[in-house]
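Q: Sequence and predicted structure, then a few things I'm wondering about:
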Amino acid sequence: MSKLISEFAAKYKDLTATIKAAQEKIKSDSQTLIGAIFNEFFAKHGEHVFAVHWTQGTPGFNDGDECLFSVHDIWLSITEESFEDGEGDYSPHHPELAEVFADFKVIQNLIKSIDNKYMQMIYDNDAKVVYFGPTGELEIQEWNCGY
């Protein structure tokens, strides 16, 4: 019996290392691909956009419902002030930037279409994800939902 346990322990260790390496590759490749999308967006609209950002995480309290990881609202901030306020700008307030908001909507829909378990793997749990203009630089900050 101890031989089987030893074999299992060795195989489990190898499998765990393989899974971890695959997850790191998925994270790196995904950040690169999504980053390229943001680079293209900021190359086109960087002079008008301070940042695109969102928070994601698992609440610690949810009134009896299961606490599940999710990506929250995805914001476009034209100014540093709207970014610091924690939200973003809305297209009705900026009709001169209609094309910026139209392209942002495409990115917003793309991010929303990615399964939550992959978003958690790509950007971590309890994170504020920020792509800054004009370069598309990625910054992942620790975030606490307050629960």
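A: Right, received. Where do you want to start? Numbers count the residues shown, from 1 in each chain.

Q: Tell me the buried residues in the helix or strand bottoming out on mean pLDDT in the chain?
A: One helix or strand of the chain scores below all others by mean pLDDT, DSSP states H and E: helix 80-84, with a mean of 89. Buried positions in helix 80-84, judged by neighbour count with 16 or more other C-beta atoms under 10 Å: Ser82, Phe83. Any C-beta I mention is one placed from the backbone N, CA and C, and that applies to glycine too.

Q: Helix or strand next in line after that helix, which one?
A: Per DSSP states H and E, the first helix or strand lying C-terminal to helix 80-84 is helix 98-113.

Q: ok, and what's touching the least confident helix or strand of the chain?
A: Residues from elsewhere that reach helix 80-84 (C-beta atoms under 8 Å, 6 or more residues apart in numbering): Phe50, Ala51, His53, Ser77, Gly88, Asp89, Val130.

Q: ok, so of these, who is nearest Glu7?
A: Val130 (46.2 Å; C-beta to C-beta).

Q: So what's the residue count around the closest one?
A: Neighbour count for Val130, taken as other C-beta atoms under 10 Å: 19.

Q: Just confirm Ser91 contacts Phe101, I think it does.
A: Yes - using C-beta atoms under 8 Å, Ser91 is in contact with Phe101, at 3.8 Å.

Q: which one of the two has more residues nearby?
A: Phe101 (20 against 14).

Q: Give me the phi and psi for Pro134.
A: Dihedral pair for Pro134: phi -90, psi 0, per degrees, to the nearest 10.

Q: er, His94 actually
A: Residue torsions, per degrees, to the nearest 10, at His94 are phi -140, psi 70.

Q: Output the below-cut-off pLDDT ranges for the protein.
A: Applying pLDDT under 70 to the chain flags residues 1, 62, 146-147.

Q: quick one, helices of it?
A: 2-45, 80-84, 98-113, 116-123 (DSSP state H).

Q: so which of those is the most packed in?
A: helix 116-123 (a mean of 17; mean count of other C-beta atoms under 10 Å).
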